[in-house]
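Chemist: Provided below for reference: sequence and predicted model.
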Amino acid sequence: MTTCPEEALTRARDAECVVAYRRLRQGVSTSHQIGYGRNMYPAAPELVARIRALITVLFEQQRMTDYSTEFDGSDRQLISALAAKWLGRPDIEPGDVFVMAGSTEAISVVTRYLAGRGYEYVLPLPCYYAFEQSARRWGIPVAAHYNTDGRLHGTRSHAPKALVDIVPNGVTGRRFRLPDGVDDDFHILDSVFQVSAADATGSAVDDRHLREAVQDVDLDRGCVMLTASKDLSVPGLRAGLLITREPDLRRHLEADRFERCYSLNPLSTSVVALYVALMCARALRAQGTAEPGPSLLPPGVPLSRQAADDPLARLLWHSPVVDTLDRYLLGMARHYAAVLEIYRKRLVPLGIALDSRYPETGYSLFLPLPVRVDGPEGALAWCNRVGREAGLKLNPASIFGGSDEPWTALYDCTRPWVRFNCSVAEPDAVGTVNILETALR
């Protein structure tokens with residue numbers, strides 16, 4: 001195929017995993033796939049109701065018709081206080097929290113900051129494209145990758161390193177062991193607002209992993225990025241939280257916000273406050289320190305919200321909202337477990353050992369397929385052919401970061417190279433497994 005100059009230029013600017021994704025989907029026209037980057041079920045009705053009510057409140061407070069209001073500061077103080085309580089980090093202060101358009105924006109802004117100071121990235125493999133693509137865009141080298149066991153592959157240099165820890169790994173659903181021998185001059189913890197809906201491993205998201213990991217992050221030379229998990233997210237509302245105490249990065253973030261948007265997005269800010277309040281409410285309940293009824297509002301934090309029936313105030317004061325969300329999340333966990341059971345019954349006969357690969361937490365699972373191909377390149381070609389000829393989109397390893405060399409070094413090349421991410425339970429699981437069975441014959 002002849003590549004036009006515009007396509008060649010785009011590929012030169014893209015990370016290898018993004019180039020691989022474009023090649024993977026070339027000529028593929030189908031809606032059938034197993035792994036999705038979003039929740040395929042309706043968002044929790046109570047969560048949607050809270051967000052709808054927030055919009056009304058913001059208009060009543062005239063925050064949607066003004067650039068900056070008195071409420072911005074109180075919201076930032078509220079978010080920091082709730083995050084400090086939830087994460088067990090009393091050192092978090094209002095000046096340390098920044099509302100972002102999801103973690104993707106946070107990754108881009110932090111990468112630009114690190115690139116200007118000569119850092120190199122150390123990234124987990126696999127991971128989603130954002131770190132690799134931002135690194136390519138802002139000119140920060142990816143010095144090394146590490147796998148789930150913490151084994152490292154990469155170059156040695158004297159440049160400062162920014163170590164990225166994703167908890168849990170968004171592709172595998174597991175927490176990776178951090179590599180030994182890496183001087184993490186800057187530590188990035190990328191995670192989600194995780195809700196523990198059940199105690200059983202693999203059946204729901206569990207925030208204990210996150211709260212344990214946060215304790216190891218020195219916020220004076222690192223940051224924590226948070227965005228909504230798939231069971232909580234509303235895809236059109238990209239709301240994320242970045243927490244750091246590193247003085248130069250804080251100044252960079254303030255300058256970036258002033259340059260690009262001048263003021264906070266009041267809806268994103270309120271949604272982040274809603275998420276953090278929910279996390280705090282559930283953590284306190286799990287610890288047995290929250291009685292039904294009392295306010296979660298930390299002492300000394302003003303809640304400047306005079307509108308009637310404020311949804312955030314209701315969440316802070318009334319446990320029935322949390323109870324309703326709990327019931328929904330438990331239902332989501334049961335839905336996902338049911339689809340995993342479909343996979344277990346249908347995939348095990350194909351040579352896929354599912355039981356030992358249940359995710360530790362979350363709704364992602366990275367499964368190998370018993371297809372013998374010639375490395376990541378062969379896997380990409382095979383998956384593209386399955387998409388074109390059999391009508392099933394698969395997400396092989398090569399689109400989750402790195403290149404052939406680190407994949408070959410970090411993962412045993414004698415094992416199947418075709419791995420697919422079944423990220424969220426979908427309505428037609430049986431139908432897609434039928435297509436997969438045909439492709440494997």
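Modeler: Right, received. Where do you want to start?

Chemist: Under the pLDDT cut-off, which ranges of the protein? List them.
Modeler: Within the chain, the ranges that satisfy pLDDT under 70 run 1-12, 35-40, 194-206, 262-263, 286-319, 353-363, 413-427.

Chemist: Tell me how far the lengthiest helix in the chain lies from the chain's centre.
Modeler: Scanning the chain for the longest helix, with DSSP state H as the assignment, gives helix 319-347. Its chain's average C-alpha position is 19 Å from that of helix 319-347, according to C-alpha atoms, centre = their mean, to the nearest Å.

Chemist: other SSEs contacting that helix?
Modeler: Counting contacts by 3 or more C-beta pairs under 8 Å, 6 or more residues apart in numbering; DSSP states H and E, helix 319-347 is packed against helix 45-60, helix 266-286, helix 311-317, helix 429-440. To be clear about C-beta, it is placed using only N, CA and C from the backbone, and glycine gets the same treatment.

Chemist: What segments of the chain are strands?
Modeler: For the chain, the strands defined by DSSP state E occupy 97-100, 120-124, 142-146, 152-154, 161-167, 184-193, 222-228, 240-244, 366-368, 419-421.

Chemist: Pipe the ones you listed into TSV and attach distance to residue 33 and mean neighbour count per row.
Modeler: Output for those, formatted as TSV (distance: least, C-beta to C-beta, whole Å; neighbours: other C-beta atoms under 10 Å):
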stretch	distance to residue 33	mean neighbour count
strand 97-100	28	26
strand 120-124	23	24
strand 142-146	26	23
strand 152-154	29	20
strand 161-167	22	23
strand 184-193	21	22
strand 222-228	22	26
strand 240-244	25	26
strand 366-368	14	20
strand 419-421	9	25
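
Chemist: Kindly reformat the ones you listed as JSON lines containing distance to residue 337.
Modeler: Formatted as JSON lines, these follow (distance: least, C-beta to C-beta, whole Å):
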{"stretch": "strand 97-100", "distance to residue 337": "32"}
{"stretch": "strand 120-124", "distance to residue 337": "26"}
{"stretch": "strand 142-146", "distance to residue 337": "30"}
{"stretch": "strand 152-154", "distance to residue 337": "35"}
{"stretch": "strand 161-167", "distance to residue 337": "22"}
{"stretch": "strand 184-193", "distance to residue 337": "19"}
{"stretch": "strand 222-228", "distance to residue 337": "21"}
{"stretch": "strand 240-244", "distance to residue 337": "28"}
{"stretch": "strand 366-368", "distance to residue 337": "16"}
{"stretch": "strand 419-421", "distance to residue 337": "18"}
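
Chemist: right, so of those, which gets closest to residue 18?
Modeler: The closest of the strands of the chain to residue 18 is strand 142-146. By C-beta to C-beta, the value is 13.3 Å.

Chemist: contacts for the closest one?
Modeler: Contact with strand 142-146 is made by 120-125, 132, 135, 152-155, 157, 159, 161, 176, 178-179, 182, 401-402, 406, 410, as judged by C-beta atoms under 8 Å, 6 or more residues apart in numbering.

Chemist: care to break the protein down by domain?
Modeler: With domains defined by automatic domain parsing, the chain comprises 5-41+328-440, 45-320.

Chemist: ok, residue 136 to residue 246 distance?
Modeler: 24 Å (C-beta to C-beta, to the nearest Å).

Chemist: swap in residue 170?
Modeler: Distance, residue 170 to residue 246, by C-beta to C-beta: 24 Å.

Chemist: For the two, work out which one has more neighbours and name it.
Modeler: residue 170 (26 against 19; other C-beta atoms under 10 Å).

Chemist: doesn't residue 130 make contact with that one?
Modeler: No: look at residue 170 against residue 130 with C-beta atoms under 8 Å: they stay out of range, at 9.8 Å.

Chemist: Name all residues that make contact with the closest residue to residue 249 other than its chain neighbours.
Modeler: Closest residue to residue 249 apart from its sequence neighbours, by C-beta to C-beta, 6 or more residues apart in numbering: residue 113 at 5.6 Å. Going by C-beta under 8 Å, 6+ apart, residue 113 touches 248-249, 252-253.

Chemist: any chance of those residues in TSV, with distance to residue 186 too?
Modeler: Output for the contacts of residue 113, formatted as TSV (distance: C-beta to C-beta, whole Å):
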residue	distance to residue 186
248	11
249	9
252	13
253	14
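
Chemist: top of those by neighbour count?
Modeler: residue 249 (23 neighbours).
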